[in-house]
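S.K.: Next input, structure requested:
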Amino acid sequence: MREKLLISTGGGDAPGLNAVIFAVVNSAARKGWEVYGSRAGYGGLLDRDDLVRLTPEGVEGILSQGGTILGSTNKGNPFAKPVENLAGEIQIVDISDKILTNFQRNGFFCHIAVGGDGSLEIAHRFAQKGMPVIGVPKTIDNDLEATDRTFGFDTAVSTATDAIDKLHSTAKSHDRVMVVEVMGRDSGWIALYSGISGGADAILIPEIPFQMDAVCAKISDNELHDKHYSIVVVAEGARSEDGEVINKGKGELGRSEMVLGGIGEWVANQIRDRLGKDTRSLVLGHLQRGGSPTTFDRLLALRFGAAAVRLAEQGIFDHMVAWVPPNMTAVPIAEAIRNRKKIDLGSDKVQTARDIGICLGD
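M.R.: Model prediction:
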């Protein structure tokens, strides 16, 4: 009987997901294994119509595509699924036993779960219930401590940098301050990399609570040196020294949930009020998740996928594939998701920003 392997993509989408699927399918096929994909996270283990057979012929051509052919979801925690009953009330239901039973009934010997810290935490809980799981790290925020890089980050940075490059010309034409809000809930990797590469005047990140006086002083200094426009890059999770992160929304079925966004507009309003400068804000949002993966992300995703299949062959479960240059290695999932990777404020990158005159808000 041929071995059967399951792959799912959970959480927010990221450039490179299809490359992981491509690598898993082709690597497994060379071992004589069958591969099935679960649509919308664990959807395939709830509804057989959402379980799809994946073959090398079927995934041909997806390598360069953004998104995921399996679809994804960040609202499908099987251990705490909100369900609206007939009375219109929201109940939290644990459907993990049903998913585990369907996994076993389908004869799968391994589940490759591709996702960020939330998806990997769910995968670890399934591993504790007896499901053989291997994790593949996916987050454009690059905030998983156990791996040097996560795929999707390089593409997101390239997208953000390209946007900043374009804003220079329009800001200069109108003598404006342009505030660009990028993703980064708890860490400012995208903001720091794109801000330095894009020639920003100020970069505001979650790791450094910022002072508006410092940001405005930088913009005023530009004016003194005959530069009448400025670019400010802000991570969505940044906050001022005397403020909190901005929570703008509701979660699934109206539940209270932290949905970040709005700090860019707040900073723009502060600059406009304090300096009287024509100031505009731009939120890149999900634009950072889209598009074809860069060469770096594509290769990294392929390496992650192939390494996951090697771990499956070795029977190393409840582990996540991690890139610890120059090699791929296996790290226990519980250890991999324990801490978020923050920017080291003493690092060369931060020092480079300071050395070339970029304000970090402190």
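S.K.: Flag the shaky bits of the stretch 1-150 of the chain, pLDDT-wise.
M.R.: Scanning the stretch 1-150 of the chain for pLDDT under 70 picks out 1.
S.K.: quick one: the strands in it?
M.R.: 4-9, 34-38, 51-54, 81-84, 90-93, 108-115, 133-137 (DSSP state E, counting those that start in this stretch).
S.K.: Buried deepest among those strands, which one?
M.R.: The highest mean neighbour count among the strands of the stretch 1-150 of the chain, using mean count of other C-beta atoms under 10 Å, belongs to strand 133-137: a mean of 29. Just so you know, the C-beta spots here come from the backbone N, C-alpha and C atoms, and that holds for glycine as well.
S.K.: can you tell me the average pLDDT over the next helix or strand after that one?
M.R.: For strand 133-137, the following helix or strand on the C-terminal side (DSSP states H and E) is helix 153-174. Mean per-residue pLDDT for helix 153-174: 95.
S.K.: The helix or strand just after helix 153-174: which residues count as buried?
M.R.: As assigned by DSSP H and E, the chain's next helix or strand after helix 153-174 is strand 177-182. By neighbour count with 16 or more other C-beta atoms under 10 Å, strand 177-182 contains the buried residues V177, M178, V179, V180, E181, V182.
S.K.: What I need now is these written out in TSV, including distance to T150 and pLDDT for each item.
M.R.: Formatted as TSV, the buried residues of strand 177-182 follow (distance: C-beta to C-beta, whole Å; pLDDT from 0 to 100):
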residue	distance to T150	pLDDT
V177	32	96
M178	28	96
V179	26	97
V180	22	97
E181	21	97
V182	16	97
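S.K.: Using TSV, please lay out those together with distance to L5.
M.R.: Below are the buried residues of strand 177-182 laid out as TSV (distance: C-beta to C-beta, whole Å):
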residue	distance to L5
V177	52
M178	47
V179	46
V180	41
E181	40
V182	36
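S.K.: out of those, who's nearest K31?
M.R.: V182 (40.4 Å; C-beta to C-beta).
S.K.: From the chain's centroid, how far away is the helix or strand where V350 lies?
M.R.: Assessed by DSSP H and E, V350 sits inside helix 348-355. Counting by C-alpha atoms, centre = their mean, to the nearest Å, helix 348-355 is centred 24 Å from the centre of its parent chain.
S.K.: May I see the buried residues of it?
M.R.: For helix 348-355, using 16+ other C-beta under 10 Å, the buried residues are V350, A353.
S.K.: Now do it: everything it contacts.
M.R.: By C-beta atoms under 8 Å, 6 or more residues apart in numbering, the residues outside helix 348-355 that reach it are L192, Y193, G195, I196, I203, I343, D344, L360.
S.K.: which among the residues you listed gets closest to A308?
M.R.: Nearest member of the contacts of helix 348-355 to A308, counting by C-beta to C-beta, is Y193, at 26.3 Å.
S.K.: quick one on the thing from earlier: how about a markdown table for the strands of the stretch 1-150 of the chain, with distance to F22 added?
M.R.: Formatted as a markdown table, the strands of the stretch 1-150 of the chain follow (distance: least, C-beta to C-beta, whole Å):
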| stretch | distance to F22 |
| --- | --- |
| strand 4-9 | 11 |
| strand 34-38 | 11 |
| strand 51-54 | 9 |
| strand 81-84 | 30 |
| strand 90-93 | 35 |
| strand 108-115 | 12 |
| strand 133-137 | 13 |
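S.K.: And these: which comes nearest L100?
M.R.: strand 108-115 (10.0 Å).
S.K.: Identify the neighbouring strands of that closest one in the sheet and state each direction.
M.R.: Each strand paired with strand 108-115, and its direction, by DSSP bridges: strand 4-9 (parallel), strand 133-137 (parallel).
S.K.: Do you have the strands of the stretch 151-300 of the chain handy? List them.
M.R.: Using DSSP E, counting those that start in this stretch, strands in the stretch 151-300 of the chain cover 177-182, 202-204, 230-235, 279-283.
S.K.: Can you lay out these as TSV showing distance to A160?
M.R.: Shown next, in TSV, are the strands of the stretch 151-300 of the chain (distance: least, C-beta to C-beta, whole Å):
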stretch	distance to A160
strand 177-182	5
strand 202-204	11
strand 230-235	8
strand 279-283	11
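S.K.: separation between N74 and G10?
M.R.: In this view, N74 and G10 are 7 Å apart by C-beta to C-beta, to the nearest Å.
S.K.: Surely G43 and V52 touch.
M.R.: No. Taking C-beta atoms under 8 Å as the definition, G43 is not a contact partner of V52, at 10.4 Å.
S.K.: can you name the two of the contacts of helix 348-355 that are farthest apart?
M.R.: Applying C-beta to C-beta across these, the maximum distance is between G195 and D344, 16.3 Å.
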